[in-house]
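Peer 1: Sequence and computational prediction follow.
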Amino acid sequence: MNKYCLALDLIDDPDLIAEYEHWHKSENSWPEIRKSILDSGITGMEIYRTGNRLFMIMETDDRFSFERKAAMDAANTAVQEWEQLMWKFQQPLPWAKPGEKWVLMNKIFELR
């Protein structure tokens, strides 16, 4: 199992943030998106928010790679529609590369 942590900002607007959270409640999420996540090798995912900053923690199996997930997403019209909807709420981090949404975080500490 691998674990990845990523960050992204939301547009700092309380109404947009509330709507973003609405779409991420289990009863409002799209089953096609859940399936695409699981099919890519992501076995667990959590998203946390503080202010307008999001943190995502992904646990993956050996099938997962960012390149494979990107190719699967590009071929999936439901994922493309979802991503277009989510971009209404999201904005890139100031240091994100052009076209980059979620930015992979570097682990700097671990307590065991």
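Peer 2: Looks like it came in fine. Residues are numbered from 1 along each chain as shown.

Peer 1: CA only for contacts and neighbour counts going forward, please
Peer 2: Fine.

Peer 1: So what pairs up with the nearest residue to residue 5 once chain neighbours are set aside in the strands?
Peer 2: For residue 5, ignoring the flanking residues on the chain, the nearest one in space by C-alpha to C-alpha, 6 or more residues apart in numbering is residue 57 at 4.5 Å. Taking DSSP bridges, one obtains residue 5, residue 46 as the residues bridged to residue 57.

Peer 1: from what I can see residue 86 touches residue 20, true?
Peer 2: Yes: Residue 86 lies in contact with residue 20 (C-alpha atoms under 8 Å); the separation is 7.3 Å.

Peer 1: what about these two, which has more around it?
Peer 2: residue 20 (18 against 15; other C-alpha atoms under 10 Å).

Peer 1: Setting the sequence-adjacent residues aside, check what's closest to the more buried one.
Peer 2: Counting by C-alpha to C-alpha, 6+ apart, residue 89 is the residue found nearest to residue 20 once chain neighbours are left out, at 6.4 Å.

Peer 1: show me where pLDDT drops low in the chain?
Peer 2: Scanning the chain for pLDDT under 70 picks out nothing.

Peer 1: OK, contacts around the residue lying closest to residue 92 once chain neighbours are set aside?
Peer 2: Spatial nearest neighbour of residue 92, excluding adjacent residues (C-alpha to C-alpha, 6+ apart): residue 101 at 5.4 Å. Neighbouring residues of residue 101 by C-alpha atoms under 8 Å, 6 or more residues apart in numbering: 8, 91-93.
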